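Need a 3D model of the sequence below.
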Amino acid sequence: MTHSHRSWAFALCAAAVLGSSAVFGQSISELTNAAQSGDVAAQAQLGQIYDDGIIVAQDFKQAAKWMELAAENGDPASQNRLGKYYHAGRGVEQNQDLAIAWLEKAAVTGSADYLFDLGLALENGADGSSKPVKASQLYRRAAEFGHVGAAVSLAVLAQEGNGIDQDLDLALQLYQKAVRAGNAKAMNNLGLLYVRGEGVDQDYGLAAELFAAAAEKGLKEATRNLGVLYQNGYGVPLDEKRATELYRQAGQSETTATESSLRPLFDDRLGPFVPAPEAIANYAHSADAGDPIGQFMMAWAHLEGVAPNASARNAARWFERAASKGHATSMANLGLLYFAGHGAPQDFVLGYKWLTLASRYGDQRAKDIRDQLGQQMVRAQIIEAQKLAQAEQP
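Next up, the predicted model:
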């Protein structure tokens with residue numbers, strides 16, 4: 001999922017720290033003595049060793065202790081990693097202010113990696129805060145130094161109009177450049193642009209190629225999106241078996257509590273749904289005439305598999321037509337199909353938007369479902385969905 005689905009965590013990866021002292025080849029006791037005597041390189045190396053947990057038992061508290069000493073003594077790498085620790089609550093109590101303070105000290109060096117890490121912490125605050133304007137400025141600086149991850153993050157903000165003016169051309173350029181560099185997230189996000197026809201001509205075939213390339217790099221979100229295309233025959237041959245295998249690879253083969261909340265909602269005010277051929281024909285006639293009730297019933301018939309050429313894709317189309325006329329339960333179901341990637345490419349932003357509208361237009365079940373499913377989303381996605389809902393006039 002997209003841009004709609006941007007979960008974030010710092011990569012607390014190993015990074016060798018070199019200093020004036022020769023810390024390599026020393027025993028842990030020798031290294032500890034040197035660190036206690038104020039050797040900054042030894043302090044940084046001890047922090048790394050305890051973080052890795054290879055030579056000694058992994059101990060994040062010990063890692064944070066030695067990193068903090070090295071950070072206080074001016075080591076930028078330790079300042080950066082200590083900031084990540086405070087942001088993630090790893091070895092220390094989670095603290096956004098301290099995270100930013102240490103990340104800023106490291107970013108003063110102008111390192112693209114450190115600028116990017118500071119941007120991430122500002123955009124996705126450990127305390128729930130978000131400062132996309134400052135984040136966008138840091139991403140731009142890091143991207144100018146060739147940092148691909150920063151370019152992708154800037155593209156997402158430009159696409160959403162979050163922190164900077166919405167600029168789909170800029171987003172497209174940044175994604176394309178990152179794709180050429182082999183970035184899987186950019187491949188997935190660019191694929192979603194082609195699915196939606198957002199800033200580009202809609203092209204499911206190209207989207208499938210991008211999702212496949214990202215899936216090969218192990219991005220589960222892209223694997224899931226590719227499965228949706230195969231399940232519905234978007235840009236690729238309809239292939240339920242292939243879709244099922246892709247879902248399995250994406251780790252979505254088991255039913256979860258979240259998936260149970262994706263079950264479509266029936267509008268009980270309409271009376272019982274009748275699956276008989278004559279009733280289906282009446283629903284179809286009413287739907288073709290533009291009646292939202294008939295359109296809802298036809299969508300339901302497709303979900304139940306009793307309509308001619310029944311498919312989730314056709315269900316989504318009928319729900320969208322009814323939703324455009326203000327039918328709340330159709331809005332809710334359209335949102336659920338987007339969340340599930342069933343009948344439409346998975347898109348949490350559009351799913352949240354339609355569930356928000358459904359709640360506004362009278363389906364009270366939609367709010368609780370939206371709030372539950374919204375837990376899978378990051379703050380920027382929810383803000384974008386809210387903007388879309390506010391601008392929508394069914």
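
Look at residue 126 and give its secondary structure.
coil (DSSP: H, G, I helix; E, B strand; the rest coil).

The closest residue to it other than its chain neighbours - how many residues pack around it?
The shortest distance from residue 126 to any non-neighbouring residue, by CB to CB, 6 or more residues apart in numbering, is to residue 96 (4.3 Å). To be clear about C-beta, it is placed using only N, CA and C from the backbone, and glycine gets the same treatment. By the measure other CB atoms under 10 Å, the count of residues near residue 96 is 16.

How about residue 205?
12.

distance of residue 338 from residue 351?
4 Å (CB to CB, to the nearest Å).

re the thing from before, the residue nearest to residue 126 reaches residue 130, doesn't it?
No: using CB atoms under 8 Å, residue 96 makes no contact with residue 130, being 10.9 Å away.

Just want the phi and psi numbers for residue 325.
Main-chain torsions, residue 325, degrees, to the nearest 10: phi -100, psi 10.

Would you map the helices across the stretch 1-150 of the chain?
28-36, 40-52, 60-72, 76-88, 96-107, 112-123, 132-144, 148-160 (DSSP state H, counting those that start in this stretch).

Check the stretch 251-394 of the chain too.
257-260, 277-288, 292-304, 312-324, 328-340, 348-360, 365-373, 379-391.

ranking those helices by burial, who's on top?
helix 328-340 (a mean of 28; mean count of other CB atoms under 10 Å).

Quick check: which helices or strands does that one pack against?
helix 292-304, helix 312-324, helix 348-360, helix 365-373 (3 or more CB pairs under 8 Å, 6 or more residues apart in numbering; DSSP states H and E).

how deep is residue 63 tucked in, by neighbour count?
The burial count for residue 63: 25, using other CB under 10 Å.

And for residue 65?
By other CB under 10 Å, neighbour count at residue 65 equals 17.

what's near enough to touch it?
47, 91 (CB atoms under 8 Å, 6 or more residues apart in numbering).

Relative to residue 32, how far out is it?
Residue 65 is 11 Å from residue 32, by CB to CB.

coming back round to it: can you tell me which of the helices and strands packed on helix 328-340 comes nearest to residue 187?
helix 348-360 (18.2 Å; CB to CB).

How far does the closest one sit from its chain's centre?
Relative to the centre of its chain, helix 348-360 is centred 17 Å away, using CA atoms, centre = their mean, to the nearest Å.

Stretch 91-99 now?
With CA atoms, centre = their mean, you get 24 Å for stretch 91-99.

what does that stretch rub up against?
Residues contacting stretch 91-99 (CB under 8 Å, 6+ apart): 59-65, 83-88, 121, 125-127, 129.

Please apply the same query to stretch 127-142.
Under CB under 8 Å, 6+ apart, the answer for stretch 127-142 is 96, 107, 112-113, 115-116, 118-120, 122-125, 150-151, 153-154, 157, 162-164, 379-380.

picking up where we left off before, columns mean pLDDT and distance to residue 251 on top of the helices of the stretch 251-394 of the chain, output as CSV?
Below are these laid out as CSV (pLDDT from 0 to 100; distance: least, CB to CB, whole Å):
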stretch, mean pLDDT, distance to residue 251
helix 257-260, 48, 12
helix 277-288, 93, 37
helix 292-304, 95, 25
helix 312-324, 94, 21
helix 328-340, 94, 15
helix 348-360, 92, 17
helix 365-373, 85, 18
helix 379-391, 84, 20
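
So which of the ones you listed is nearest residue 243?
That would be helix 312-324 among the helices of the stretch 251-394 of the chain, by CB to CB, at 11.0 Å.

Which strands or helices does that closest one pack on?
helix 220-232, helix 292-304, helix 328-340.

out of those, nearest to residue 201?
Nearest to residue 201, of these and by CB to CB, is helix 220-232 at 17.0 Å.

Check which element follows that closest one along the chain.
helix 240-249 (DSSP states H and E).

Now do that following helix, average pLDDT.
The average pLDDT within helix 240-249 is 89.

low pLDDT regions in this structure?
Scanning the chain for pLDDT under 70 picks out the ranges 1-26, 252-261, 393-394.
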